[in-house]
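Enquirer: let me see the structure of the following:
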Amino acid sequence: MIVLGLTGSIGMGKSTVAAMFRRLRVPVFDADAAVHALQAPGGAVLPAIAAAFPGAVSGGVLDRAALRARVFGDDAALKRLEAIVHPLVGAERERFLRRHRRRPLAVLDIPLLFERGGAELCDLVAVVSAPAAVQRARVLARPGMTPDTFVAILARQVPDAEKRARADVLIPTGGTKARTARAVRQLVTALTRAR
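Expert: Predicted coordinates for the structure are as follows:
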C-alpha cells in the first residue's frame, strides 16, 4: 500500500480534496474527525481532558469554546491537550491502516502533518495550496472567524511556501473544482498503477 499524507494550511481546500479521494474509492483517514469522535459525549479523552482542564467538560460534554479559550495562545496548555489526544488519534490511524492494508492507496488527511512530524508515516506527501488571497477569503467567510484569529492560526502552521517546497505532490485548489478533481484523479491513477 502507498500511504499518501494529505495536508495544507487553513482554508486551502484540504477537506474538499479529501472528499474527492473518497469519491474515487480511496480510503481516507480524517485526523480531525478522529479527534471529534474522541471528544464527543462519552468519548475516550473526556475524563483526561476534564482532569487537566477543569470546567472544560460538563455533564459528559466537552465545551469546545471553553477548551479553546484555555489552550489558544498557551503553549504549555496546548502541549498538555496534545499529550492527551494525540496517542489515541495515533491508535485510530494505525487501526485504519491495518483495516485497509490490502488496498493500493490510502490517504492520511492530517492538517498539521509537517508541524507534528507526521510526514514520516507517509510514503508521499500531497499539499493542497491556493493563492493567499483565495485562502484569506475562504477563511474569513467562516462563521465566527476574525482576521486576528486567522493570523494567529497561520502563525502556528508551517507557511504554505515551505509546505509546497516539502511536498512530493502539489494539488492546486485556487481554480475550479473541476481542475482540482482532475489533478486528484490523475494522482490516484498514477499511484495505483505504480502498484
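Enquirer: quick one, strands of this protein?
Expert: Counting by DSSP state E, the chain has these strands, from start to end: 2-7, 28-30, 57-58, 61-62, 105-109, 124-129, 169-172.
Enquirer: the lowest-mean-pLDDT helix or strand in the chain packs against which elements?
Expert: Of all the helices and strands that make up the chain, helix 64-71 has the lowest average by mean pLDDT, DSSP states H and E, namely a mean of 87. In this structure, helix 64-71 packs against helix 75-99, with contacts taken as 3 or more Cβ pairs under 8 Å, 6 or more residues apart in numbering; DSSP states H and E. For glycine as for every other residue, the C-beta is placed from the backbone atoms N, C-alpha and C.
Enquirer: make CSV out of the strands of the chain and add mean pLDDT and mean neighbour count.
Expert: Output for the strands of the chain, formatted as CSV (pLDDT from 0 to 100; neighbours: other Cβ atoms under 10 Å):
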stretch, mean pLDDT, mean neighbour count
strand 2-7, 96, 22
strand 28-30, 96, 22
strand 57-58, 90, 16
strand 61-62, 91, 17
strand 105-109, 96, 23
strand 124-129, 96, 23
strand 169-172, 96, 18
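Enquirer: report the central residue of this protein.
Expert: Closest to where the C-alpha atoms of the chain average out (Cα atoms, centre = their mean) is residue 111, at 2.6 Å.
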